[in-house]
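Novice: Next one to model:
(chains A and B)
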Amino acid sequence: MKQDSPYDVDVLRKEFPILDKEVNGHPLVYLDSAASAQKPRAVIEAQREYEAHFHSNIHRGVHTLATKATEAYEGVRAKLKNHINASKREEIIFTSGTTDSINLVAGTWGRANLKKSDTIVLTRLEHHSNIVPWQILAQEKGFAIEVVEIKENGELCENSLKEKLALSPKIVCVSHVSNTLGTINDVKNITKQAHQVGALVLIDGAQAAPHKTIDVQVIDCDFYAGSAHKMYGPSGVGFLYGKHELLCQMPPCRGGGEMIESVSFEKQTTFNVPPYKFEAGTPNLSGVVGYGAAIDWINSLGLDNIAAHENSLLEYASSKLLQIEGLRLIGTAKSKASVISFLVDGIHPSDIGTLLDQLGIAVRTGHHCTEPIMTKLGIPGTVRASFAAYSTFSEVDALVAGVERAVKMLR
Amino acid sequence: MHANNSLELRQGQIIEEFDMFPDWMEKYEHIIELGKELDPIAEADKIDDNLIKGCQSRVWLTASLNDEGNIIFFADSDAIITKGLVALMIRVLSDAKPREIASADLHFLEAIGLNAHLSPTRSNGLLSMVKQMKMYGLAYSAR
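Specialist: So this is what the prediction gives:
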């Protein structure tokens, strides 16, 4: 079926070479964009063009190509700064992705500031990548990790948040959007409350950045992390935003080229300023260039338009899926991004996923790297469909028909 | 039931059986049927010690030696397709000599077009289960 969309999705899809593919003899129905979004030709071309015409190592060369590569790389930093409305370009650190960004905060700020008597606060909704770096550090330092619980519908429990904040944590680490349940957290409000008790705030924005306009100054968070590959860009690239004064105080965690001011065996080695202090070694240059093209692509379409399209898909998918007998949605927060998790009574999610794959429908099944949510809800996992700018209503129809067919076979 | 058949023969029978299902849907329907028919594992054996580490569905496996010196496997899974694939593995490997199991060349999944389920990128635990079955074969043949 067809519905109104703020842009012509069929035209847009032509920009994505992979969407033409057939899988297992069926046209690909790609509903796994929350795991990784597909790339438009603009991104693929930008990377290829960089590799073919501009590649050189950045920052240290005097020759023309080095200058061009540096300009391209630093240009994307400026682009990203504008995209999330950071106040300075020095507040943007390139990383290999959200996971790397969170590990960076844990490894530098955390290692330097957290001690045995301290408490930090995470939430039940977090992806493993916003849990495990803190657990590894807690093993070393002995601080306590407190967890904000969720309600049945997948929203954070306000009372639980208040209880945990009353413990005067040093940092609150929270996802902007849950990758499993789709819950959009009110990170501005959470940040405000956390700041009132003197806690810093780190936001895992991996799932939010492709769907929402991010303004780190309005949120007022101290750290914000994101990944390019969720934003139609290349994998292996991401960013960490950090408030400048914090970044200046934080020690480096990885040593190497580019992150130093001066290296000496006789005197103390001194370090570069942020963001370079945190960018040891040669980065993923073509990936960063591709990321720049992805941001341009998103902005040419408009995040509000993308969100509007995805929201109508989400609404449509929810109502259609619920018509399947025994199907229940997992995660029904009032404010949700384009992720839909579900279970069918008596059927294991991996069975549904296996049969959907035979129909060319790519969904994700399992715990989605959020085992604590599954434990809390007492379920083995979910089937998760996720939408992006290029997803269509007929793909939702294919999903619904596929699930119906799978259920019939499995019952 | 298979005690006198070689593992090759057993695999050949499965390949022949699946020849009747050229369509993926029928193939999977058959696997689901096999899953439903698989002799259940004793509830008492559904313990963590018998759990095969797989990312998504849980697979339990037990092994014991019968009077003829053959290994008898019992297995179960909470996902029915996985259980059907597990049933096929049991048909091939159960009630066989430990040494045969340890050195078995399992090619039938490829022949029936289900090899993807044995790929290390699949997280259904089947590959780990086969490894564990062979480990049992190795362990019992060393006795």
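Novice: and the closest residue in space to residue A:224 that isn't next to it in sequence, what are its phi and psi?
Specialist: Nearest non-adjacent residue to residue A:224, counting by CB to CB, 6 or more residues apart in numbering or on different chains: residue A:241, 4.2 Å away. Where C-beta positions appear, they are placed from N, C-alpha and C, glycine not excepted. The phi and psi values for residue A:241, taken as degrees, to the nearest 10, are phi -90, psi 140.
Novice: Could you list the residues of chain B in contact with chain A?
Specialist: B:24-25, B:28-29, B:32, B:55-58, B:78-82, B:123-124 (CB under 8 Å from any CB of the partner chain).
Novice: and the gap between the residue nearest to residue A:224 and residue A:127?
Specialist: According to CB to CB, to the nearest Å, residue A:241 stands 18 Å off from residue A:127.
Novice: ok, those two, which is more surrounded?
Specialist: A side-by-side neighbour count of residue A:241 and residue A:127, using other CB atoms under 10 Å in any protein chain shown, places residue A:241 first with 27 against 21.
Novice: Correct me if wrong: that one contacts residue A:90.
Specialist: No: contact status for residue A:241 versus residue A:90: not in contact, 10.6 Å apart, counting by CB atoms under 8 Å.
Novice: who's in contact with residue 80?
Specialist: By default, I'm working from chain A. A:86, A:92, A:239, A:291, A:292, A:295 (CB atoms under 8 Å, 6 or more residues apart in numbering or on different chains).
Novice: my bad, chain B
Specialist: Neighbours of residue B:80 in contact, by CB under 8 Å, 6+ apart: A:347, A:348, A:351, A:410, B:32, B:35, B:36.
Novice: Residue A:341 pairs with what?
Specialist: Beta-bridge pairing for residue A:341 (DSSP bridges): residue A:330, residue A:384.
Novice: Counting neighbours, what do you get for whatever residue of the stretch 251-400 of chain A ends up closest to chain B?
Specialist: Using CB to the nearest CB, residue A:348 is the residue of the stretch 251-400 of chain A that sits closest to chain B, at 3.7 Å. Around residue A:348 there are 25 other residues, counting by other CB under 10 Å.
Novice: give me every residue that touches the nearest residue to it once chain neighbours are set aside.
Specialist: Nearest residue to residue A:348 in three dimensions, chain neighbours excluded: residue B:79, at 3.7 Å (CB to CB, 6+ apart). By CB under 8 Å, 6+ apart, residue B:79 lies in contact with A:348, A:350, A:351, B:56, B:57, B:58, B:124.
Novice: out of those residues, which are inside helices?
Specialist: Under the assignment DSSP state H, these contribute A:350, A:351 to helices.
Novice: Could you work out the most separated pair of the contacts of residue B:79?
Specialist: Between any two of these, the greatest separation by CB to CB is 12.8 Å, found for A:351 and B:58.
Novice: Just want to know which of these two has more residues nearby.
Specialist: The neighbour count for residue A:351 versus residue B:58, taken as other CB under 10 Å, is higher for residue A:351 (30 against 18).
Novice: From residue A:216, how far out is that one?
Specialist: When residue A:351 is compared with residue A:216 (using CB to CB), they lie 42 Å apart.
Novice: the strands in chain B, which residues?
Specialist: Assigned by DSSP state E, chain B shows strands spanning B:51-52, B:59-65, B:71-77.
Novice: tell me the pLDDT at the closest residue to chain A within chain B?
Specialist: Nearest residue of chain B to chain A: residue B:79, at 3.7 Å (CB to the nearest CB). Reading off the confidence values, residue B:79 has pLDDT 90.
Novice: burial of residue A:349, as a residue count?
Specialist: Neighbours around residue A:349, by other CB under 10 Å: 26.
Novice: Is it correct that it is in contact with residue A:365?
Specialist: Yes: using CB under 8 Å, residue A:349 is in contact with residue A:365, at 4.2 Å.
Novice: Identify the contacts common to those two.
Specialist: With CB under 8 Å, 6+ apart, residue A:349 and residue A:365 have common neighbours A:381, A:382, A:383, B:56.
Novice: how close does the residue most central in space within chain B sit to residue B:82?
Specialist: Centroid-nearest residue in chain B: residue B:89, 2.0 Å away (criterion: CA atoms, centre = their mean). To residue B:82, residue B:89 is 10 Å away according to CB to CB.
Novice: Now do the shared contacts for those two.
Specialist: Joint contacts of residue B:89 and residue B:82 (CB under 8 Å, 6+ apart) are residue B:126.
Novice: what ranges of chain B fall below the confidence cut-off?
Specialist: Along chain B, segments meeting pLDDT under 70 span B:1-5, B:54-55, B:118-124.
Novice: Just to check, residue A:304 is in contact with residue A:298?
Specialist: No: with contact defined as CB under 8 Å, residue A:304 and residue A:298 do not form a contacting pair (10.9 Å).
Novice: Tell me who's in contact with the closest residue to residue A:389 other than its chain neighbours.
Specialist: The shortest distance from residue A:389 to any non-neighbouring residue, by CB to CB, 6+ apart, is to residue A:306 (4.5 Å). Residues in contact with residue A:306 (CB under 8 Å, 6+ apart) are A:210, A:211, A:298, A:388, A:389.
Novice: Looking at those residues, which one is closest to residue A:97?
Specialist: Nearest to residue A:97 among these, with distances taken as CB to CB, is residue A:210, at 13.3 Å.
Novice: neighbours of that closest one, just the number please.
Specialist: 30.
Novice: Now do the contacts for it.
Specialist: Residue A:210 sits in contact with A:33, A:37, A:230, A:231, A:232, A:298, A:306, A:388, where contact means CB under 8 Å, 6+ apart.
Novice: same thing with residue A:272?
Specialist: A:258, A:259, A:260, A:261.
Novice: Model confidence for it, exactly?
Specialist: pLDDT, residue A:272: 92.
Novice: Next, it: phi, psi?
Specialist: phi -70, psi 170.
Novice: mind checking how far it is from residue A:260?
Specialist: Residue A:272 is 6 Å from residue A:260, by CB to CB.
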